Each structure stands twice: as structure tokens, then as C-alpha cells.
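Colleague: Here is the input, now give the coordinates:
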Amino acid sequence: MNSYLSKLPASLLIGILLILAMFSCKKDPYEIGYSLLPPSDTLNVKTTDTCTVQAFSMRQDSVRTDKCATLMMGSIMDPIFGKTTAGFYSQLLLSAEGVDFGTNPSLDSVVLMLKYSSYYGDTLTRQNVKVYEISQDLAYDSLHYSNQHLSTYPTMLADQDFVPRIADSVLVRKVKIAPHLRINLSKQSNYLGNKILQAPVDVLASNTLFIKYMKGLYVTASPVSSKGALLNFNIAADISRIVVYFHNQTDPLNDSLHYDLLLNQSCARFIHTDHNGYVDAIPDLKRQILNNDSTQGTKNLFLQGMGGVKMKLKFPYIKGLGKGKTVAINDAVLQLKNMDPDTTLQPPPTLTIIRQDSANRVGYLVDDNEGAAYFGGTYDKTTRSYFFRITQHLQKVIQNAYSTHFQLYMMVTSPVLTSYSANRIMLYGTKPTVPGDNASRLQLKITYTILNP
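Modeller: Predicted coordinates:
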């Protein structure tokens with residue numbers, strides 16, 4: 001180099017390049033190199049898509065599902081991932097403290113109402129829902145994960161078949177109400193309704209005492225053998241609640257007496273999911289997540305939400321980029337493509353990448369701070385693909401700038417956030433077996449500048 005830049009320390013040049021790259025993410029990566037280097041040095045800007053990427057799928061332990069915005073229940077038989085069944089635990093709250101049910105209240109019926117929000121799968125499949133009373137304390141401020149269970153009493157409160165009517169309004173006492181699932185909690189037994197109507201006065205005077213008296217419900221689905229759907233229910237809607245219908249001797253001619261128990265965002269709650277050990281999954285998936293055969297990641301890769309399947313990523317030779325010369329990475333993009341043509345079971349709308357150390361502490365990539373438009377992770381329906389820009393992360397790796405060792409994972413949702421998704425995807429691996437699929441492989445494209453040629 002004959003320019004002033006050639007006299008600057010290599011570390012300073014790297015810093016300059018990284019700052020410019022940060023503010024130039026919409027430019028062609030080559031432009032960054034050209035803006036810094038004289039025409040005679042543009043040959044030092046290199047691009048490669050042959051960096052070794054090692055990836056394979058593995059089981060994810062769980063995700064946080066407490067304080068979730070919607071509640072999930074249902075079962076699905078996925079042709080790739082096999083069977084998944086979901087249910088939820090939730091407290092119930094008094095709609096009005098200090099309620100008086102009158103003299104000798106007598107139960108007519110109890111109905112659990114759950115307003116449909118969304119679904120994943122086939123809603124034409126007949127499903128079965130079962131409801132139990134929780135016997136274990138459920139605290140609002142406690143963390144709960146998708147693989148956790150709570151104890152329940154043995155008495156079954158509901159055992160009901162249904163076909164989801166996502167778009168059909170429901171006629172209730174001659175009034176049309178928005179689409180929702182109605183579960184009869186008094187058909188199997190009058191136990192729950194009588195427990196509410198005969199609750200002590202002090203219990204009905206305070207929600208604090210009521211949730212100790214009645215800790216909540218466990219609502220779950222029976223596993224389906226084909227198709228099926230995972231159903232999301234909106235608890236922010238007034239429709240989602242329990243209605244106790246009764247009559248009494250205080251007002252014997254009144255046939256419309258009822259009392260509501262709330263199932264809303266003030267209730268402690270979480271979702272439980274069961275992936276049935278992946279015994280029904282396809283062989284390629286089983287080889288990776290059950291047999292721990294990491295070499296299968298060359299063929300295809302899998303990701304699944306609800307504490308299902310994650311992907312481990314490695315770039316084993318990235319520090320050799322530039323073959324010993326000082327390198328500044330201008331742009332580094334990880335590309336992944338969907339290989340499943342199924343249009344019913346949609347791919348996740350977004351993915352995420354996290355760092356996790358030996359103590360299981362989770363961190364995010366520095367590039368994530370630049371926002372989704374820069375970092376990526378959003379599904380492109382046109383190209384059926386995702387991208388992640390990990391430029392700054394890889395620069396830190398080759399400079400040994402991280403103070404702790406960690407593993408890199410890709411997931412449908414972060415394990416530390418209260419968010420979940422039922423979506424899943426099968427991706428092309430790093431070296432697909434079909435030659436024509438090579439262009440769709442999981443690959444890392446890097447544009448970099450050699451600073452000391």
C-alpha cells in the first residue's frame with residue numbers, strides 16, 4: 001500500500017472497517033472495501049461461500065411459557081416431526097370479590113369458554129379435551145417451562161370431543177358470541193360447580209384466599225393419530241372465562257343466575273407440551289436428535305418450536321480466514337432454505353440465534369443489536385429462505401475478543417423469553433445429497449478485506 005491508510009496499525013483499520021460496515025449494511029459489501037482502499041488495492045477484497053459450516057439438529061430442553069399472551073391446547077401428528085400434544089395450567093380468579101350465591105344455591109351447569117385466537121394444523125380433525133383441577137400451588141411470579149407438570153386431583157372434570165369451529169359464532173341463550181370452544185365442566189361430575197357454590201364466605205371475599213382454595217385447572221388434549229391442530233386461545237378477551245349457572249331459594253323464579261370466574265392475563269398460567277419422544281418422526285430426524293448423529297446435518301436440518309428441536313452451529317476454520325493475514329470482515333451472511341413444500345404446516349415466521357456458555361447462560365450476538373432488518377431471521381416467502389448477518393460476531397471470533405467459550409444455537413424462539421411458536425421447518429443441510437440442491441445448502445457468504453497482503 002502506498003496510501004496514508006497503509007501506515008495505520010492493522011487493529012485501527014479493522015475498527016474503521018467495522019464502523020463503516022455497521023452504517024452501510026444496505027450497500028453492496030464490495031463498496032465498503034472500495035471506499036477505504038485505493039484502486040490499486042481492491043484485489044485485497046475477497047468473497048467466499050466455501051467457509052466450512054457444521055450444523056446438526058438436537059432436542060431442545062424447553063422454552064418459557066409462563067405469562068404467555070395466549071394459551072395453547074390440542075394435538076397434531078406432523079408428517080415430519082411426529083406427534084405433539086399441548087395443554088395449559090391456569091389459575092381462576094373471582095370476577096367480583098365478596099359474592100353471595102343466595103340461600104341454598106343449586107348447580108345447573110359449569111361451562112369453560114375459550115376464545116379462538118389462531119391455530120397450527122388441520123382444524124377439521126376431531127379432537128378430545130380433558131380437564132382436571134390442579135392440586136399444586138401455581139404462583140404468578142414463578143418461572144415455568146414447556147416441559148413442566150403440576151399435580152392434579154384424580155377427578156376428571158371434562159372428557160369431551162370437539163371439532164374446532166374457528167370461524168363460527170356460537171349461539172348462547174339466544175345471543176350470538178364470537179367463535180369459541182365451550183367445555184362442559186359439569187357433565188362428568190358436579191364436583192367443581194358445587195365446590196364453587198359451597199365455598200366458605202371468607203374464601204369468596206378475596207382472590208388471595210380463593211386461589212388457595214381452588215388452585216386452577218389443567219386443560220389438555222388427547223393425542224391424535226393423524227393430522228390435528230394446536231389451538232391458541234385469547235385470554236385477553238372477555239369471552240374466555242368459566243360461567244357457573246345456578247338457581248337458589250332467594251330468587252327461585254330467576255332462571256338466569258350465573259357467576260363468572262375469570263381466566264385472563266392476571267392469572268398465573270403456563271403451557272405444557274409433549275413431543276412423544278419423537279417416536280413418530282421421520283428417520284432422518286431421529287438419526288440426528290435421538291441417535292446424536294451429527295453427520296446427518298449435511299443432508300437436512302430441523303427446527304421446531306415449543307421446546308422441540310434446535311440447531312447447533314459451528315464455524316471450525318473461521319480463524320483461518322485470510323490464511324494468517326490480518327482480515328477485516330466486511331459482510332458475513334448465513335443463508336438457510338426451506339426444503340419442505342408443505343403449505344399447511346407453515347415455517348416459523350422468525351428464527352433466532354443465541355450464544356450459550358458451559359453454565360447455560362444465554363447471550364445474543366452483537367449483530368442482533370442492529371435490528372431485524374440488519375441481523376435477519378425473518379422468513380422470506382418468495383425465496384423460501386432465511387438469512388442472518390453475523391459480520392460483527394465473526395470479527396470478534398477471529399480477533400479472540402470473547403472472554404468466555406460458548407456454543408452457538410439456532411432456535412425458533414429464545415429459551416429465556418416468554419414466547420412460543422408451534423411452527424417447525426426442515427432445511428437443506430450443509431452438503432445436500434442431491435447435486436442439484438447444492439445452491440440451496442446452508443452456507444456462509446463472507447466478504448472480507450486483507451489488510452496486510
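Colleague: name the helices or strands packed onto whatever helix or strand residue 312 lives in?
Modeller: Element membership for residue 312 (DSSP states H and E) is strand 309-314. Contact partners of strand 309-314 among helices and strands, from 3 or more Cβ pairs under 8 Å, 6 or more residues apart in numbering; DSSP states H and E: strand 54-59, strand 300-304, strand 406-411. Just so you know, the C-beta spots here come from the backbone N, C-alpha and C atoms, and that holds for glycine as well.
Colleague: which one of those has the most crowded surroundings?
Modeller: Per-stretch averages of neighbours, counted by mean count of other Cβ atoms under 10 Å, single out strand 300-304 among the helices and strands packed on strand 309-314, with a mean of 26.
Colleague: If you count contacts, what does that one end up packed against?
Modeller: strand 54-59, helix 283-289, strand 309-314, strand 424-428.
Colleague: List the buried residues of the strand holding residue 312.
Modeller: Counting neighbours by 16 or more other Cβ atoms under 10 Å, one finds that the buried residues in strand 309-314 are 309, 310, 311, 312, 313.
Colleague: Need those in CSV (columns: distance to residue 185 and pLDDT).
Modeller: Output for the buried residues of strand 309-314, formatted as CSV (distance: Cβ to Cβ, whole Å; pLDDT from 0 to 100):
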residue, distance to residue 185, pLDDT
309, 35, 97
310, 37, 97
311, 42, 98
312, 44, 97
313, 47, 97
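Colleague: of those, closest to residue 64?
Modeller: residue 310 (14.5 Å; Cβ to Cβ).
Colleague: pretty sure that closest one is touching residue 408, no?
Modeller: No: Residue 310 is not in contact with residue 408 according to Cβ atoms under 8 Å; the separation is 10.6 Å.
Colleague: Helices of the stretch 201-350 of the chain, start to end?
Modeller: 201-204, 207-213, 283-289 (DSSP state H, counting those that start in this stretch).
Colleague: CA atoms only for the second one - export them in CSV, please.
Modeller: Output in CSV follows, covering the C-alpha atoms of helix 207-213 (Å, rounded to 0.1, in the frame of the first residue of the first chain):
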residue,chain,number,x,y,z
ASN,A,207,-58.9,-13.7,45.4
THR,A,208,-55.8,-14.3,47.6
LEU,A,209,-57.8,-16.9,49.6
PHE,A,210,-59.7,-18.2,46.6
ILE,A,211,-56.6,-19.3,44.6
LYS,A,212,-55.5,-21.3,47.7
TYR,A,213,-59.0,-22.9,47.9
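Colleague: Who does residue 406 form a beta bridge with?
Modeller: residue 357 (DSSP bridges).
Colleague: do the same with the one 4 residues further on
Modeller: Using DSSP bridges, the bridge partners assigned to residue 410 are residue 311, residue 353.
Colleague: related to what we said a few turns ago, would you mind finding the most buried of the helices of the stretch 201-350 of the chain?
Modeller: Of all those, helix 283-289 carries the top mean neighbour count, a mean of 19, counting by mean count of other Cβ under 10 Å.
Colleague: so what does it touch, helix or strand wise?
Modeller: By 3+ Cβ pairs under 8 Å, 6+ apart, helix 283-289 packs against strand 54-59, strand 300-304.
Colleague: Swap in 10 Å and give it another go.
Modeller: strand 54-59, strand 300-304, strand 309-314 (3 or more Cβ pairs under 10 Å, 6 or more residues apart in numbering; DSSP states H and E).
Colleague: State the mean pLDDT of stretch 49-66.
Modeller: Averaged across stretch 49-66, pLDDT comes to 94.
Colleague: ok now that stretch, how far from the chain's centre?
Modeller: How far stretch 49-66 lies from its chain's middle: 13 Å, per Cα atoms, centre = their mean, to the nearest Å.
Colleague: Distance across it, terminal residue to terminal residue?
Modeller: Distance between the two ends of stretch 49-66: 41 Å, counting by Cα to Cα, to the nearest Å.
Colleague: can you list the domain ranges for this protein.
Modeller: According to automatic domain parsing, the chain comprises the domains 4-60+279-450, 70-267.
Colleague: CSV for these, including distance to residue 273?
Modeller: Formatted as CSV, those follow (distance: least, Cβ to Cβ, whole Å):
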stretch, distance to residue 273
domain 4-60+279-450, 4
domain 70-267, 5
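Colleague: Now the weakest link among the ones you listed, please, by mean pLDDT.
Modeller: domain 4-60+279-450 (a mean of 85).
Colleague: Burial check on residue 198, number of neighbours?
Modeller: Neighbour count of residue 198, defined by other Cβ atoms under 10 Å: 11.
Colleague: So it sits against residue 192, correct?
Modeller: No: using Cβ atoms under 10 Å as the test, residue 198 is too far from residue 192 to be in contact (11.1 Å).
Colleague: so what's in contact with these two at the same time?
Modeller: The contact sets of residue 198 and residue 192 overlap at residue 107 (Cβ atoms under 10 Å, 6 or more residues apart in numbering).
Colleague: Just the CA atoms from stretch 335-347 would do, formatted as PDB, please.
Modeller: What follows is stretch 335-347, C-alpha atoms only, in PDB (Å, rounded to 0.1, in the frame of the first residue of the first chain):
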ATOM      1  CA  GLN A 335     -28.300 -18.400   4.400                       C
ATOM      2  CA  LEU A 336     -30.800 -21.200   5.000                       C
ATOM      3  CA  LYS A 337     -33.500 -22.500   2.700                       C
ATOM      4  CA  ASN A 338     -36.800 -24.400   3.400                       C
ATOM      5  CA  MET A 339     -36.900 -27.800   1.800                       C
ATOM      6  CA  ASP A 340     -40.400 -28.800   2.900                       C
ATOM      7  CA  PRO A 341     -43.200 -28.000   0.300                       C
ATOM      8  CA  ASP A 342     -46.000 -28.400   2.900                       C
ATOM      9  CA  THR A 343     -48.200 -25.400   2.800                       C
ATOM     10  CA  THR A 344     -50.500 -26.400   5.700                       C
ATOM     11  CA  LEU A 345     -47.700 -26.500   8.400                       C
ATOM     12  CA  GLN A 346     -46.100 -23.100   7.800                       C
ATOM     13  CA  PRO A 347     -42.400 -22.500   8.600                       C
END
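Colleague: Okay, buried residues for it please.
Modeller: Buried residues in stretch 335-347, counted by 16+ other Cβ under 10 Å: 335, 336, 337, 338, 339, 340, 345, 346, 347.
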